[in-house]
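Enquirer: my questions concern the predicted model and sequence given below.
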Amino acid sequence: MLRVEDITTYYGNSQALFGMSLEVNDGEVVTLMGRNGMGKTTTVRSIIGFTPARTGEISFEGHRTEKWPAYRVAQAGVGLVPEGRQIFPNLSVHENLFATSANRREVDSPWTLERVYDLFPRLAERRNHMGDQISGGEQQMVAIGRALATNPKLLILDEATEGLAPLIQEEIWNVLENLKRAGQSILVIDKDVDALMMLADRHYFVQNGKVGWSGTSAELRDNSEIVEKYLGI
């Protein structure tokens, strides 16, 4: 579904990615892990088109996308839950969700606002609250619901549970597990290795703007030193 091949990405004259490569297959859950500043968010920004790759190739469902503007990548079926949530503070919960709601691919059972409310009952209770009147955990639910309302083929979550209370983190992981069971393709960045090993099929550890190690959850369990090498302080 998604293929990133040997991309380099820059912020001005500062190079952030040095030959980054990864793949996400249909129905897979794949992770990006690594210390802060290693290039995880830049990889996402390159996929989406916010910070285009200077060299290398990005393809989505067989179409080259590295030169596409972000709106076209989104229309092709990539839904993003950005780092920091970035919901509209001056819109209500319902308006935040409605603003992105679309079924461009005319799927048979699309994500509607009512389906999002079924997934996150707390949002149904808060639907008339403004974006800056709800908790951080509720904002993350809105961000996930907003991305799902676009009916994405691939859902990307940047820092899925960062800064959230443990009970909210558990709820988010349960939601992602349910989405996986339903066949949703997911690329997720997070630091909770144990939760990610239970959820994901494959993992990429990023170091200095490129992949340092990749493998399955079973392979990661058998190589405990990998976590220390790429996430340890």
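Expert: Arrived safely. None of the values given here were measured: they were computed from a predicted structure.

Enquirer: what's the longest helix in this protein?
Expert: For the chain, the longest helix by residue count, based on DSSP state H, is helix 166-181.

Enquirer: residue boundaries of the helices in the chain?
Expert: Going by DSSP H, the chain shows helices at 40-48, 70-76, 93-98, 113-119, 121-125, 136-148, 166-181, 193-199, 217-221, 224-231.

Enquirer: need these in TSV (columns: mean pLDDT and mean neighbour count).
Expert: Just so you know, the C-beta spots here come from the backbone N, C-alpha and C atoms, and that holds for glycine as well. Formatted as TSV, these follow (pLDDT from 0 to 100; neighbours: other CB atoms under 10 Å):
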stretch	mean pLDDT	mean neighbour count
helix 40-48	97	24
helix 70-76	95	16
helix 93-98	95	21
helix 113-119	95	16
helix 121-125	95	15
helix 136-148	95	23
helix 166-181	95	15
helix 193-199	95	16
helix 217-221	94	15
helix 224-231	91	14
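
Enquirer: which among those helices is found nearest to L22?
Expert: Of all those, helix 40-48 sits nearest to L22, with 7.4 Å by CB to CB.

Enquirer: who are the packing partners of the closest one?
Expert: strand 2-11, strand 14-24, strand 29-33, helix 70-76, strand 78-81, strand 154-158, strand 185-189 (3 or more CB pairs under 8 Å, 6 or more residues apart in numbering; DSSP states H and E).

Enquirer: make it 7 Å
Expert: The contact analysis (3 or more CB pairs under 7 Å, 6 or more residues apart in numbering; DSSP states H and E) places helix 40-48 against strand 2-11, strand 14-24, strand 154-158.

Enquirer: point out the most buried one among these.
Expert: Highest mean neighbour count of the helices and strands packed on helix 40-48: strand 154-158, a mean of 23 (counted as mean count of other CB atoms under 10 Å).

Enquirer: how much does that strand deviate in direction from helix 40-48?
Expert: Between strand 154-158 and helix 40-48, the angle comes out at 150 degrees (axes from the mean of the first three to the mean of the last three CA atoms, to 10 degrees).

Enquirer: residues in contact with strand 154-158?
Expert: Residues outside strand 154-158 that contact it (CB atoms under 7 Å, 6 or more residues apart in numbering): 1-2, 24, 41, 44, 47, 77-83, 147, 184-189.

Enquirer: give the contact list for P152.
Expert: 77-79.

Enquirer: neighbour-wise, which of the residues you listed leads?
Expert: Within the contacts of P152, V78 tops the neighbour count with 27 neighbours, counted by other CB atoms under 10 Å.

Enquirer: what sits closest to that one if chain neighbours are left out?
Expert: Nearest-residue entry for V78: L154, 5.1 Å, with adjacent residues in sequence omitted and distances by CB to CB, 6 or more residues apart in numbering.

Enquirer: where does that neighbour land on pLDDT?
Expert: Reported pLDDT at L154 in the predicted model: 97.

Enquirer: equivalent analysis for I233, please.
Expert: pLDDT at I233 comes out at 57.

Enquirer: brilliant, that's me finished.
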